[in-house]
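Asker: Got a predicted structure here, sequence first:
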Amino acid sequence: MTAQERLLLAGGLVVDPASGTVDRKDLLIEDGRLAWIGTTGGAPSNSATRHNVSDRLIVPGLVNSHTHGHANLMKGIAERWTLEASLTNGPWLAGPRDPETIYLSTLVGAIDMLTKGCTACFDLLYEFPRPTVEGFMAAARAYADAGMRAALAPMIADQTLFQSIPGLADALPPDLRASVGNFSLASGERTLAAIEEIVTTRAQLPKGISIAIAPTIPHHCSEPFLQRCMEIADRHGLPIHMHIAESRLQAVAARKIYGRSQVRYLADLGMLRPKFTAAHGVWLDDDDLDLLAEHGCSVAHIPASNFRLGSGIAHVRPMLARGINVGLATDGANSSDSLSMLQAMRLASFSAQVFAGPRDEWLQASEVVRLATRGGAQILGLGACGPMEQGACADLALLDLNHIDFIPATNLLNQLVTSADSATVTDVMVGGQFKVVDRKIVSIDTRELRSRVAESLAKLSAATCDARTLAGRLEPHVVAFAQSMAQEPLSIERRIPLEAR
């Protein structure tokens with residue numbers, strides 16, 4: 001279908017995240033937008049190409065508010081990894097990569113997300129030792145070729161894990177203490193110069209691709225570095241996306257370094273603003289949430305990764321109660337493996353119910369769907385995506401009501417959250433264009449994808465062999481140090497204490 005053609009999706013059961021209702025309706029699509037929504041048979045045009053979708057559940061395209069395209073070649077790598085173990089392995093996981101490898105890694109994730117009903121994502125892409133224009137444009141091209149919308153944020157820092165955590169380097173054996181210099185990043189000046197160069201390419205970006213900036217973790221960034229990141233963001237109007245209070249060690253380390261929480265430190269620095277997103281937010285206390293709400297910030301809720309890395313369970317209800325915008329996310333394939341937003345919805349629903357309190361505070365199915373659609377769209381700055389209303393983007397996922405997940409069809413909205421698997425997704429549309437048809441991606445030729453990925457992965461493995469070996473030696477010491485810090489007191493607890501077993 002060209003942008004000028006009209007398409008009528010007739011008779012589908014349409015999910016409206018705003019009202020939490022499911023009704024049989026017709027959708028008229030024109031110029032990439034929902035031109036009309038109404039009663040079946042009542043469309044104001046008879047010139048549209050008609051598709052009978054009476055056996056489909058139609059959902060606004062799901063929005064992944066936090067992922068890492070560089071991690072898509074690393075599915076299944078993590079085995080009993082904590083966050084700190086993952087960060088130790090980061091230099092070889094991302095590795096020195098050529099643009100072709102970056103393109104393929106990003107493309108694999110785009111296909112994964114699209115075929116599971118996700119139409120847009122916020123990608124914090126990482127290049128070691130610093131970002132490059134070539135790598136950034138390769139990632140942008142991959143999303144454009146697949147047909148996804150994406151906000152791309154180079155993930156940057158000027159301090160390594162071993163420089164940023166007080167006492168960590170000293171806890172290493174002497175022979176390893178000197179070796180961590182092999183993981184050194186480019187200087188802050190060179191990294192920020194690279195960001196400035198990337199921003200100059202803005203006009204060359206494909207349609208649907210935007211730029212953001214991601215200083216990765218507060219204490220991995222010196223204060224002057226963060227100040228410069230803010231200045232760049234202010235000058236170019238860029239969103240800022242950071243990992244905040246993801247693990248217990250991060251929460252403890254912040255108090256040792258700053259004498260306050262990460263959020264309070266960033267607030268005092270002037271970094272919090274409406275275009276600021278705090279990813280994970282597991283170890284946020286009430287004061288932190290008050291600050292995020294006061295400054296109009298968002299939170300990317302990432303339950304799969306939080307479970308996978310043993311980071312704890314983020315408490316979403318207090319965020320929503322304060323009016324904080326919350327999006328839902330998968331994280332990268334190295335810490336969640338599957339980039340399934342349907343899985344993320346289920347985990348978000350179930351994990352909300354482990355906290356003590358009345359069941360009225362549990363997340364309703366309609367709220368979870370809003371996190372996965374409108375909440376994420378707001379984080380990406382896609383105000384016209386997410387709502388099911390006239391004028392909204394025609395970004396849609398169609399799910400098969402004949403699939404066993406919907407038999408019997410008792411409460412479709414609830415089943416979307418608690419039952420639906422990616423196999424239920426049949427068709428996906430972005431901007432009025434079908435990208436997935438009959439469960440097959442049609443926007444790109446994938447016939448040689450497997451062999452191309454295998455070739456790139458082989459080259460990457462050879463290039464990072466020494467770094468992987470070093471990370472394997474460092475990992476147990478880093479994990480032991482993190483565990484020793486677990487005894488430090490905090491005002492909240494986001495994991496089940498051993499005494500409660």
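Answerer: Structure's in. What do you need?

Asker: Identify the nearest residue to Thr49 in space, disregarding sequence-adjacent positions?
Answerer: In space, and not counting its chain neighbours, Thr49 is closest to Leu7: 5.2 Å by CB to CB, 6 or more residues apart in numbering. Any C-beta I mention is one placed from the backbone N, CA and C, and that applies to glycine too.

Asker: got any ranges where this protein has weak pLDDT?
Answerer: By pLDDT under 70, the low-scoring segments of the chain are 1-4, 499-501.

Asker: Need the residue closest to the centroid of it.
Answerer: Taking CA atoms, centre = their mean, the centroid of the chain lies closest to His66, which sits 1.4 Å from it.

Asker: Hmm, it is touching Ser335, no?
Answerer: No - in this structure, His66 is not within contact of Ser335 by CB atoms under 8 Å, at 10.8 Å.

Asker: check which helix or strand covers the residue nearest to the centre of the chain.
Answerer: Taking DSSP states H and E as the criterion, His66 maps to strand 62-67.

Asker: what helices or strands is that strand leaning on?
Answerer: Counting contacts by 3 or more CB pairs under 8 Å, 6 or more residues apart in numbering; DSSP states H and E, strand 62-67 is packed against helix 99-114, strand 118-125, strand 276-280, strand 298-301, strand 325-328, helix 341-351, helix 376-380.

Asker: Run through who's touching the top helix by length along the chain.
Answerer: The single longest helix within the chain, with elements called by DSSP state H, is helix 465-485. Outside helix 465-485, the residues within contact range by CB atoms under 8 Å, 6 or more residues apart in numbering are 82, 84-85, 87-89, 91-92, 95, 161, 165, 167-168, 171-173, 176, 179-180, 182-183, 247-249, 252-253.

Asker: follow-up on the earlier one: measure the residue nearest to Thr49 to Leu27 for me?
Answerer: 8 Å (CB to CB, to the nearest Å).

Asker: Same question for Val299.
Answerer: Going from Val299 to Leu27 by CB to CB gives 31 Å.

Asker: neighbour-wise, which of these two wins?
Answerer: Taking neighbours as other CB atoms under 10 Å, Val299 and Leu27 compare with Val299 leading, 29 against 25.

Asker: who's in contact with the more buried one?
Answerer: Thr277, Ala278, Ala279, Gly281, Leu292, Ala314, Met319, Ile324, Asn325, Val326, Gly327.

Asker: Find the pair from those residues with maximum spatial separation.
Answerer: Ala314 and Asn325 (14.4 Å; CB to CB).

Asker: where do the helices sit along the stretch 151-300 of the chain?
Answerer: 161-164, 174-177, 188-199, 223-236, 248-258, 262-269, 286-294 (DSSP state H, counting those that start in this stretch).

Asker: which residues are contacting the strand holding His66?
Answerer: By CB under 8 Å, 6+ apart, strand 62-67 touches 109, 113, 116-124, 241, 277, 279, 298, 300, 302, 327-332, 339, 341-342, 344, 372-373, 375-377, 379-380, 382, 385-386, 397.

Asker: again, 6 Å this time
Answerer: Strand 62-67 is contacted from outside by 113, 117-118, 120-123, 279, 300, 302, 327, 329-330, 332, 341, 372, 376-377, 379, using CB atoms under 6 Å, 6 or more residues apart in numbering.

Asker: Following the chain past the helix or strand Trp36 falls within, name the next helix or strand.
Answerer: Assessed by DSSP H and E, Trp36 sits inside strand 33-38. Sequence-wise, the next helix or strand downstream of strand 33-38 (DSSP H and E) is strand 49-52.
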